[in-house]
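[1] What shape does this take:
(chains A and B)
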Amino acid sequence: ETGVTQSPTHLIKTRGQQVTLRCSSQSGHNTVSWYQQALGQGPQFIFQYYREEENGRGNFPPRFSGLQFPNYSSELNVNALELDDSALYLCASSLDRGLGSGANVLTFGAGSRLTVL
Amino acid sequence: AQSVSQHNHHVILSEAASLELGCNYSYGGTVNLFWYVQYPGQHLQLLLKYFSGDPLVKGIKGFEAEFIKSKFSFNLRKPSVQWSDTAEYFCAVKGDTGRRALTFGSGTRLQVQP
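    Okay, here's the model as predicted:
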């Protein structure tokens, strides 16, 4: 089975620009979550998508937005970039069968490292 | 809101030493608990998980963790570490609310010296 793949792996942007990060979920998974991992910190939940709709959101402003496509792949868009947005952005996929053990096991991608200058 | 505390930020051990990494969480309801590991240059991987049942769970590569509900703890242990265990370890919790997100601790960097 293929794992979670993310692109690009590294990118550099300047303040005020916009960025789009992409994620292909693991085969058989229907849910995608995005996390931000700042240097020296644990991942922080941005949002989750299930059946192409946002299914939960962390404490991130509206300039962080996303999409999920019918093939369960996903995009994370960040507008009006700020210096503090510099981080590793992780995509994780999972199989959501409703309440139960399968819903919570995330498979992570290698991440997209964003540097904002 | 749920939160996770990992007490040790950086641990240095010699090979064959025993390991225990602390993890405490704050959440009053039913929890699912996880340890993830991030080896240098690699992505986060699931080490082990607890959903219910036996509070002592075994994971990959000889790791185990014990859920102590009264202490809100889920400490990670390994009797004898190897150089290849050098990595960053993250504890994570998910509560029984509708929110499906994991809350991660800040991580513990383990360095095993040969």
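[2] How about the residues of chain A by chain B?
    A:4, A:31, A:33, A:35, A:40-45, A:48, A:55-56, A:58, A:90, A:92, A:96, A:101, A:103-111 (C-beta under 8 Å from any C-beta of the partner chain). Every C-beta, even on glycine, is put in place using the N, C-alpha and C of the backbone.
[3] Now a ChimeraX select for only the buried ones of those residues.
    Typed into ChimeraX, the line below selects the buried ones among those, using 16 or more other C-beta atoms under 10 Å in any protein chain shown:
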select /A:4,31,33,35,42,43,44,45,48,55,56,58,90,92,96,103,104,105,106,107,108,109,110,111
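[4] can you give me the strands for chain B?
    Secondary structure of chain B (DSSP state E): strands located at B:3-5, B:10-14, B:19-21, B:24-26, B:31-38, B:45-50, B:56-58, B:64-68, B:73-78, B:87-95, B:103-104, B:108-113.
[5] May I have the longest one exported as CSV, CA atoms only?
    Provided in CSV are the C-alpha atoms of strand B:87-95 (Å, rounded to 0.1, in the frame of the first residue of the first chain):
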residue,chain,number,x,y,z
ALA,B,87,14.8,9.8,17.6
GLU,B,88,12.1,12.3,18.8
TYR,B,89,9.2,10.8,20.7
PHE,B,90,5.7,12.4,20.9
CYS,B,91,2.9,11.5,23.2
ALA,B,92,-0.6,12.3,21.9
VAL,B,93,-4.1,12.1,23.2
LYS,B,94,-7.6,12.2,21.8
GLY,B,95,-10.6,12.7,24.0
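[6] does A:Asp84 sit in a helix, a strand or a coil?
    Three-state assignment for A:Asp84 (DSSP: H, G, I helix; E, B strand; the rest coil): helix.
[7] Could you list the low-pLDDT ranges of the chain?
    I went with chain A, as the question did not name one. The model of chain A has pLDDT under 70 over residues A:1-2, A:97-104.
[8] Oops, wrong one, chain B.
    Counting by pLDDT under 70, the ranges of chain B that qualify are B:96-100.
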